[in-house]
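[1] What follows is a protein structure lacking sequence information:
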């Protein structure tokens, strides 16, 4: 009993971290030396960047880690000024009961270039008292001066068997039955994202005593935006306005991100070609458009506009 | 030397037009000088009628002045560092006021100068100095919050006859033999813009020292900027590049113009390949707006403007002969209508991000799983308890309330678990004492205990407080 499993089963110590063995080994050296440079953790969602940062902080700062640790969301809507004020106030004080202080900044790649330059200045200003751990999905979106001030650690998607093993451990602890096929299905959908895997597992477990292929499929299909198929059908039939309305409502009301929309559209179209409902040549044209849309969204274009443009390709 | 500078009025009396407003300004200056602080002045009106000139004249009445205008990069930082400090601190000699002039306030770009408007608002609040703000568009959204804090003076365009009189004075001074008819023509065509009238006069007088009516006939009226609706109409209805390009010189944020065009493409264009091609252009425009913003190279805007303008307009085979009303972007109404829902969503995401070390967007991506989990009464209670969700937030994930019976049961269980936890800890502490007393320090045991504490801290800060108390009690009992 204690809420979401993603939090309950977050590894607390460096040695318990799933996957990322090489990274952990190097970080343990910092713990031994009681000092660390600025770090940058980069990699896709759910591979343990935050977990590793928290575990490292606890080991390296020791008993009083809480007092010497500041966690900030860099992409905070309130802007860089808030972030900087927080850093400033935190760094004014000397470390108490620990060798130094640590600031953890999440999603640094969502900061504007200007904000990143501002952050760089903060990093320089407090080198004596504090170390930074920055986390991001794409290190290419981080300005060079910041990258050159950090030791960069690249987190890879977690291997399937490692995810499966962790899921098994959770099931045993919680007293749930999960069959191999069920876990395999979760691993397939998770695509190396442990957070997603654990969320699917808990959702499936909440629906019944046993977790098998069917219950997992049910969760996965319930959890994805419902109207994607409908939206694509409308576009294929030439009703662009109808399709566009569904797209907008899904994004505004359900808050589905652009990247998730692209994935859903990709999966829907893939299924159509697998079921023989779509021509290979049409399919490949669409894939090209989807890939381009995906790339542009990650580059920083407006996801909704790009997706609306993608929809016209179905007409 | 530019005549606009050379003949810039040096005192309030020399200023053309707006006599009533000038009187208010004079009183405002007098009040400040007699040590009686006033609200900031907001001068609003079309370009070229002397707002900046007025501000500069007023500046002479004060010991010093600071000026910021649209060409400055107005991020919060710049504002705060250049005038933030001086606005709240005054020189030792109490009667020396610095005048702060903030030009083209409505020109603060939404995303570029994040927080710029807010910063001005703060400066207004904290300033002990006289302040003048200048803006073009009274109805600009960016002025909404500022307007309420200022004395607003709407500056009117100058009449053609007063402009003509001014031109005559300048011409005499410059030894230009000017035909009064020519001067009248310039004054009329300037549409109340004194600056452009003086500029025109200087441009035409450069060649020789006489000015006749035939010299003036060729000049066009001053560019009147098109409205957003005109711009969108031109893009959708015309196929002439020059017409489209001109119509898109609109005094609006370009991304807003893009939203307008985008909204109306499928309303005007009916053939799928036209819609497709038009949208390809929009997507490219959007791409360059994005690149402009992330690289801070706003030169890319010109490409974006061509994609959404000429690109979209040339995507149709022929112009449609029908009347389509230009619709404003429905995405904004959709977002507005659902503001409540989105606020609720963000409130929950905020709570999750604090408790679960995740960003708001990751939190929102977890909602679908939470919806499934919340079907289970007990799990719904557990998660709500963990995240400290309010009733309305729980309702986001399940329609039915969590049954009273379940709540009572779970609360009991939680209390029970706390008691057990406390007992366990008391036991541990006792063991620890036993270990310490004979001075057999076992590092492993020590470490383990410390980490156990960490775990507790992790779960709940409040709990930590509770435990501290109980720990004390326990130690009292053991000795």
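    Perfect, thanks for sending it. Every value quoted in this text rests on a predicted model; they were computed, and no experiment measured them. Numbers count the residues shown, from 1 in each chain, chains lettered A, B, ... in the order given.
[2] where along the chain do the strands fall?
    Going with chain A. A:39-42, A:69-73, A:101-106, A:130-136, A:151-154, A:177-178, A:210-211 (DSSP state E).
[3] Not quite, go with chain B.
    Using DSSP E, strands in chain B cover B:41-44, B:64-68, B:98-102, B:131-135, B:151-154, B:177-178, B:210-211.
[4] Please convert the strands of chain A to a markdown table, extending it with distance to chain B and mean neighbour count.
    In this view, the C-beta of every residue, glycine as well, is placed from N, C-alpha and C. Converted to a markdown table, the strands of chain A look like this (distance: least, Cβ to the nearest Cβ, whole Å; neighbours: other Cβ atoms under 10 Å in any protein chain shown):
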| stretch | distance to chain B | mean neighbour count |
| --- | --- | --- |
| strand A:39-42 | 13 | 24 |
| strand A:69-73 | 6 | 19 |
| strand A:101-106 | 6 | 24 |
| strand A:130-136 | 10 | 24 |
| strand A:151-154 | 18 | 16 |
| strand A:177-178 | 16 | 18 |
| strand A:210-211 | 13 | 20 |
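[5] Just want the residue of the stretch 1-150 of chain A that's nearest chain B.
    Of all residues in the stretch 1-150 of chain A, residue A:3 sits closest to chain B, at 2.8 Å by Cβ to the nearest Cβ.
[6] what's the burial count for that residue?
    Residues lying near residue A:3 (other Cβ atoms under 10 Å in any protein chain shown) number 20.
[7] how near is it to residue B:366?
    As for residue A:3, its distance to residue B:366 is 12 Å (criterion: Cβ to Cβ, to the nearest Å).
[8] got it, and residue A:266?
    Distance from residue A:266 to residue B:366, by Cβ to Cβ: 21 Å.
[9] Comparing these two, which residue is more hemmed in?
    residue B:366 (21 against 16).
[10] Spatially nearest residue to that one, not counting backbone neighbours?
    Excluding the flanking residues, the one nearest residue B:366 by Cβ to Cβ, 6 or more residues apart in numbering or on different chains is residue A:199, at 6.1 Å.
[11] What of residue B:28?
    Closest to residue B:28 by Cβ to Cβ, 6+ apart is residue B:38, at 5.3 Å.
[12] ok, that neighbour touching residue B:24?
    No: Residue B:38 lies out of contact with residue B:24 (Cβ atoms under 8 Å); the separation is 10.4 Å.
[13] for the residue of the stretch 351-479 of chain B found nearest chain A, what are its contacts?
    Residue of the stretch 351-479 of chain B nearest chain A, by Cβ to the nearest Cβ: residue B:386 (2.8 Å). Contact partners of residue B:386, counting by Cβ atoms under 8 Å, 6 or more residues apart in numbering or on different chains, are A:2-4, A:7, B:355.
[14] Now flag whichever of these is closest to residue A:247.
    For those, the closest approach to residue A:247 (Cβ to Cβ) belongs to residue A:4, at 29.7 Å.
[15] Which residues lie in contact with the spatially most central residue of chain A in this structure?
    Geometric centre of chain A, nearest residue: residue A:45, 2.1 Å, by Cα atoms, centre = their mean. Residue A:45 makes contact with A:137, A:193, A:195-196, B:362, according to Cβ under 8 Å, 6+ apart.
[16] number of nearby residues for residue 203?
    Picked chain A for this. Neighbour tally, residue A:203, other Cβ under 10 Å: 29.
[17] please go with chain B instead
    Burial of residue B:203 is recorded as 12 neighbouring residues (other Cβ under 10 Å).
[18] Report the separation between residue A:12 and residue A:51.
    In terms of Cβ to Cβ, residue A:12 sits 9 Å off from residue A:51.
[19] same deal with residue B:33?
    With Cβ to Cβ as the criterion, residue B:33 and residue A:51 are 64 Å apart.
[20] right, and the strands of chain A - which one's nearest residue B:263?
    That would be strand A:69-73 among the strands of chain A, by Cβ to Cβ, at 32.7 Å.
[21] ok so, going back, which one of the strands of chain B lies closest to chain A?
    Among those, strand B:64-68 sits nearest to chain A (Cβ to the nearest Cβ), with 17.9 Å.
[22] Tell me the strands beside that closest one, with direction?
    strand B:98-102 (parallel) (DSSP bridges).
[23] tilt between the partner strand and strand B:131-135?
    Orientation check (axes from the mean of the first three to the mean of the last three Cα atoms, to 10 degrees): strand B:98-102 against strand B:131-135 gives 10 degrees.
[24] any idea how far residue B:209 lies from chain A?
    52 Å (Cβ to the nearest Cβ, to the nearest Å).
[25] which ones are touching that residue?
    Counted by Cβ under 8 Å, 6+ apart, residue B:209 has contacts B:175-177.
[26] Using a markdown table, lay out those residues together with pLDDT.
    Formatted as a markdown table, these follow (pLDDT from 0 to 100):
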| residue | pLDDT |
| --- | --- |
| B:175 | 84 |
| B:176 | 85 |
| B:177 | 85 |
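[27] out of those, who has the most neighbours?
    That'd be residue B:176 among the contacts of residue B:209, by other Cβ under 10 Å, with 20 neighbours.
[28] Hmm, that one is touching residue B:215, no?
    No: with contact defined as Cβ under 8 Å, residue B:176 does not count as touching residue B:215 (10.9 Å).
[29] hang on, the earlier thing: just give me the residues shared between the contact sets of residue B:38 and residue B:24.
    With Cβ under 8 Å, 6+ apart as the test, residue B:38 and residue B:24 both reach residue B:151.
[30] What residues of the longest helix along chain A count as buried?
    The longest helix of chain A (DSSP state H) is helix A:280-299. Residues of helix A:280-299 classed as buried under the neighbour-count rule (16 or more other Cβ atoms under 10 Å in any protein chain shown) are A:283, A:286, A:289-290, A:292-294, A:296-298.
[31] For the residues you listed, name the two members farthest from one another.
    A:283 and A:298 (22.4 Å).
[32] mind showing which ranges of the chain have poor pLDDT?
    Going with chain A. A:1-2, A:74-79 (pLDDT under 70).
[33] not what I meant, chain B
    Residues of chain B that meet the cut-off, pLDDT under 70, sit at B:68-96, B:107-116, B:206-208, B:217-226, B:434-479.
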